[in-house]
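K.L.:
Got a sequence here, can you model it:
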Amino acid sequence: MKNGQDVELLLGRILIAALFLPAGIEKIVGWPGIVQYIAHDGGPLPLLAGIVAVVCEVLVIGLILLGVLVRPLALILAVYTIGTALIAHRYWQSHGVAEISAQINFYKNLAIAGGLLALSAAGSGRLALLADS
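P.N.:
Below you'll find the predicted structure:
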């Protein structure tokens, strides 16, 4: 792998973490509220869903950021991201402005999952705590 690709993979890990990590920390800080939000939004098993969200958005993304087990963890996070698109951004059940917003977020989640799948295929690069590529 060329040095430029190692830098690109590191930047990719940083940019993906910039999305997930603050959201996960916010869920921890506002824990009762996130469980209520998931329940109100019709999410399945709100307490368990909240725990899964925090684990994915803090622990899993933290390990990816460090470059640890990037291939399997990016795949897990891609599946999580597609799941959240299907559960939290059901634009087909919305109308008007809410439908447009949910549709944008649905397809953004799919695009993020695509980036995670590419990261899973490429691995961490050499600029990682435990390089896997």
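
K.L.:
Now do stretch 87-99: distance from first to last residue.
P.N.:
End-to-end distance for stretch 87-99, by C-alpha to C-alpha, to the nearest Å: 14 Å.

K.L.:
Please tell me how far stretch 123-133 is from the chain's geometric centre.
P.N.:
When C-alpha coordinates are averaged (C-alpha atoms, centre = their mean, to the nearest Å), stretch 123-133 and its chain have centres 19 Å apart.

K.L.:
Kindly apply the preceding question to stretch 78-86 instead.
P.N.:
8 Å.

K.L.:
buried stuff in that stretch?
P.N.:
Under the neighbour-count criterion of 16 or more other C-beta atoms under 10 Å, stretch 78-86 has 78, 80-82, 84-85 buried. C-beta coordinates here come from the backbone N, C-alpha and C atoms, glycine included.

K.L.:
list the contacts for L75?
P.N.:
116-117, 120 (C-beta atoms under 8 Å, 6 or more residues apart in numbering).

K.L.:
for G12, same thing?
P.N.:
115, 119.
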